[in-house]
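In: With the input below, show me the fold.
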Amino acid sequence: MAEARIEEDPGRIDPDDMAAIIGALDSIAVTAETEPSPTTDTAQDWTLTLHWLQNGPVSSDTEAALPQILTRIREHYTLKGATPPARLELHDSDHHILATVTPPGAP
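Out: Presented below is the predicted three-dimensional model:
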């Protein structure tokens with residue numbers, strides 16, 4: 001069973017990007033699947049949104065690893081010449097924000 005769902009944004013995430021996102025999460029032992037996004041983020045400064053499916057809080061190890069995961073995902077986008085996500089948001093099942101992650105060193 002997946003621990004997280006990644007919102008698909010067809011304008012921002014192609015199949016290669018999704019594979020990179022899933023691979024980055026898999027590297028910290030978080031299994032993920034995709035779900036359609038209710039909206040399309042057209043801003044230059046876009047957000048990668050994940051939904052935490054597990055009951056209870058996100059483990060401290062997972063939360064601590066999220067900045068490095070965002071960096072890895074941003075590097076993927078930069079290498080292909082695409083605009084990377086400015087931040088990663090982790091939501092619970094009620095759509096409340098559990099965590100907002102920005103790249104290390106970002107204001």
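In: got the contact list for the longest helix anywhere in the chain?
Out: Taking DSSP state H as the criterion, the chain has its longest helix at helix 60-79. For helix 60-79, contacts defined as CB atoms under 8 Å, 6 or more residues apart in numbering pick out 17, 20-21, 24-25, 27-28, 30, 48, 83-85, 87-88, 90, 99, 101-104. No exception for glycine: its C-beta is placed from N, CA and C like everyone else's.
In: relative orientation of the next helix-or-strand element following that helix and helix 60-79 in degrees?
Out: Counting by DSSP states H and E, the next helix or strand C-terminal to helix 60-79 is strand 87-91. In terms of direction (axes from the mean of the first three to the mean of the last three CA atoms, to 10 degrees), strand 87-91 departs from helix 60-79 by 140 degrees.
In: Buried ones in whatever helix or strand comes next after strand 87-91, by neighbour count?
Out: Remark: after strand 87-91, the chain's next helix or strand is strand 97-101, criterion DSSP H and E. By 16 or more other CB atoms under 10 Å, the buried positions in strand 97-101 come out as 99, 101.
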